[in-house]
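[1] sequence and predicted structure are below.
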Amino acid sequence: MKKKKDKKKLTKKQMIILIIVTIVLGTLCYFISTEITKSIIDHKTMEERLRNEEYPDLIEPDTISNISLNDLINNFNEISAEDIDINSIVDNKTTMNDIEIEFCLNEDNVSIISINFNKKSDAQDIITDMIIANNENITEETTTLIYDRVFETLGNTNDKESKTSEFFQYQGLEFSLKEFKEKNKYKYSFRIGRIIEEE
């Protein structure tokens, strides 16, 4: 029978190196997991705030830099399945698939975008892309939450002619929705406003 080989014992130096490597790797794992957890919690907190019934808590009055109409359209065209031709914008209005997009300008800079449409589902992609074109740090998941929340609060104020939603602010943008009647048909206007810091 062959004798089992004796396991070599670690030297003192090897033991110290092993302990140091273990401590370093453990510390790295701790910091990495902490950052990942923090990122997830921050994101979940945002989702909860958007779902929360206490609407004033949703307001985050951040500001955002100015953007020209040309730059906004370029941003939109980079992420959207369908492009907006800058030359198709007449009197600050253009149309995509029966959806009217109107730009309110302050000198050369965009201050408000109104997206006017007949059916809720038809405009969601354009609204989502336009929000991200205004602020690329806002994720598509967050735009869906904003979109749903704005529709859920439609009727916050109403009269015989129209209904409006709550106003939501997030990362330098403001969102609201208006429902109104035009030629006996209900139409919607989704508003994206840019909150610019006054100089």
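    Yes, it's here. Note that this is a predicted model, so its numbers are computed, not measured.
[2] so where do the helices sit in the protein?
    Counting by DSSP state H, the chain has helices at residues 12-51, 69-79, 120-134, 140-152.
[3] just the C-alphas of the last one, formatted as PDB.
    What follows is helix 140-152 as a C-alpha-only set of coordinates in PDB (Å, rounded to 0.1, in the frame of the first residue of the first chain):
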ATOM      1  CA  GLU A 140     -36.700  54.100 -19.000                       C
ATOM      2  CA  GLU A 141     -38.100  52.300 -15.900                       C
ATOM      3  CA  THR A 142     -38.500  55.600 -14.100                       C
ATOM      4  CA  THR A 143     -40.200  57.200 -17.100                       C
ATOM      5  CA  THR A 144     -42.800  54.400 -17.000                       C
ATOM      6  CA  LEU A 145     -43.400  55.100 -13.300                       C
ATOM      7  CA  ILE A 146     -43.800  58.800 -14.000                       C
ATOM      8  CA  TYR A 147     -46.100  58.200 -17.000                       C
ATOM      9  CA  ASP A 148     -48.300  55.800 -15.000                       C
ATOM     10  CA  ARG A 149     -48.400  58.100 -12.000                       C
ATOM     11  CA  VAL A 150     -49.300  61.200 -14.000                       C
ATOM     12  CA  PHE A 151     -52.300  59.300 -15.600                       C
ATOM     13  CA  GLU A 152     -53.300  57.900 -12.200                       C
END
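[4] picking up where we left off before, and the helices of the chain: which comes nearest residue 182?
    helix 120-134 (15.5 Å; C-beta to C-beta). C-beta coordinates here come from the backbone N, C-alpha and C atoms, glycine included.
[5] so what touches the closest one?
    For helix 120-134, the surrounding residues in contact (C-beta atoms under 8 Å, 6 or more residues apart in numbering) are 64, 67, 72, 75-76, 78-81, 96-99, 101, 110, 113, 115, 117, 138, 140, 143-144, 146-147, 151, 173, 175, 188, 190, 192, 194.
[6] how near is the most centrally placed residue in the chain to residue 102?
    By C-alpha atoms, centre = their mean, the chain has its centre lying nearest to residue 138, at 2.8 Å. Residue 138 sits 21 Å away from residue 102 when distances are taken as C-beta to C-beta, to the nearest Å.
[7] same deal with residue 126?
    Relative to residue 102, and taking C-beta to C-beta, residue 126 is found at 13 Å.
[8] need the residues touching each of those two.
    Joint contacts of residue 126 and residue 102 (C-beta under 8 Å, 6+ apart) are residue 115.
[9] of those two, which one has the most company?
    Ranked by neighbour count (other C-beta atoms under 10 Å), residue 126 and residue 102 place residue 126 first, with 21 against 16.
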